[in-house]
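Participant: predicted model and sequence below, questions to follow.
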Amino acid sequence: MKDDVVAKVRAIAERVGASEGIEIVDVELLGGGRSRVLRIYIDKPGGVTHGDCELVSQDVGTILDVEDVMPGGRYTLEVSSPGLERKLTKPADFERFLGQKARIVLKSPVENQRRWEGILTGFAEGVITLEPSSGKVLCIGLDQVEKANLKFDW
């Protein structure tokens with residue numbers, strides 16, 4: 001049931017975002033009972049503004065309430081940018097962030113290692129090319145990725 005709600009919210013948010021050039025990065029439904037939190041992460045070229053978050057929050061919130069998408073009534077809606085270390089989940093994410101540093105956790109080890117960090121140097125036909133160190137290249141199938149996100153050096 002939770003997955004169905006998240007899918008419905010994602011579809012609504014994508015309709016709202018599309019008209020403004022806003023990408024829906026992720027939708028999460030956390031907690032239970034009276035302490036549920038519905039979190040929507042948005043992004044767009046050039047970055048997300050407070051106004052973008054406000055627009056998506058108001059428009060999506062109104063539709064959710066009118067269409068009674070959130071069973072059980074009470075919930076908190078949060079809309080924000082995905083942050084500097086955003087998740088990478090779709091092929092388009094890996095293509096968009098070529099040349100950037102990423103952290104990838106694999107489902108099973110490659111060279112006795114599940115966690116890799118490096119520069120995204122390519123993505124084609126479902127294969128990520130990562131350069132963990134100068135001259136070393138690692139090719140990883142997208143289906144082997146458990147979790148991936150951008151890595152920001154503080």
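Facilitator: Arrived safely, thanks for sending.

Participant: who does the longest strand belonging to the chain touch, helix- and strand-wise?
Facilitator: In the chain, ranked by residue count with DSSP state E as the criterion, the top strand is strand 113-124. Packing contacts for strand 113-124, counted by 3 or more CB pairs under 8 Å, 6 or more residues apart in numbering; DSSP states H and E, involve helix 91-96, strand 101-110, strand 127-133, strand 136-141. C-betas here are computed from N, CA, C, even on glycine.

Participant: could I get the ones you listed as CSV with mean pLDDT?
Facilitator: CSV is the format used below for the helices and strands packed on strand 113-124 (pLDDT from 0 to 100):
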stretch, mean pLDDT
helix 91-96, 92
strand 101-110, 95
strand 127-133, 94
strand 136-141, 94
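
Participant: in TSV, list the ones you listed along with distance to Ala18 and mean neighbour count.
Facilitator: Output for the helices and strands packed on strand 113-124, formatted as TSV (distance: least, CB to CB, whole Å; neighbours: other CB atoms under 10 Å):
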stretch	distance to Ala18	mean neighbour count
helix 91-96	14	17
strand 101-110	26	15
strand 127-133	27	17
strand 136-141	30	14
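
Participant: the longest strand of the chain pairs with which strands?
Facilitator: Sheet partners assigned to strand 113-124 using DSSP bridges are listed as strand 101-110 (antiparallel), strand 127-133 (antiparallel).

Participant: as CSV, those strands with distance to Val27 would be great.
Facilitator: Formatted as CSV, the entries for the strands paired with strand 113-124 read as follows, by distance: least, CB to CB, whole Å:
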stretch, distance to Val27
strand 101-110, 21
strand 127-133, 24
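
Participant: closest one to Leu77 among these?
Facilitator: Each of these has some distance to Leu77 by CB to CB; the shortest is strand 101-110, at 28.8 Å.

Participant: hey, C-alpha coordinates of the closest one in PDB?
Facilitator: Taking Å, rounded to 0.1, in the frame of the first residue of the first chain, the C-alpha atoms of strand 101-110 are listed here in PDB:
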ATOM      1  CA  LYS A 101      32.700  12.700  -8.200                       C
ATOM      2  CA  ALA A 102      30.400   9.900  -7.100                       C
ATOM      3  CA  ARG A 103      30.200   7.200  -4.400                       C
ATOM      4  CA  ILE A 104      28.800   3.900  -5.500                       C
ATOM      5  CA  VAL A 105      27.900   0.900  -3.300                       C
ATOM      6  CA  LEU A 106      27.600  -2.400  -5.200                       C
ATOM      7  CA  LYS A 107      25.300  -5.400  -4.500                       C
ATOM      8  CA  SER A 108      28.300  -7.700  -4.800                       C
ATOM      9  CA  PRO A 109      32.100  -6.900  -4.600                       C
ATOM     10  CA  VAL A 110      34.300  -6.100  -7.500                       C
END
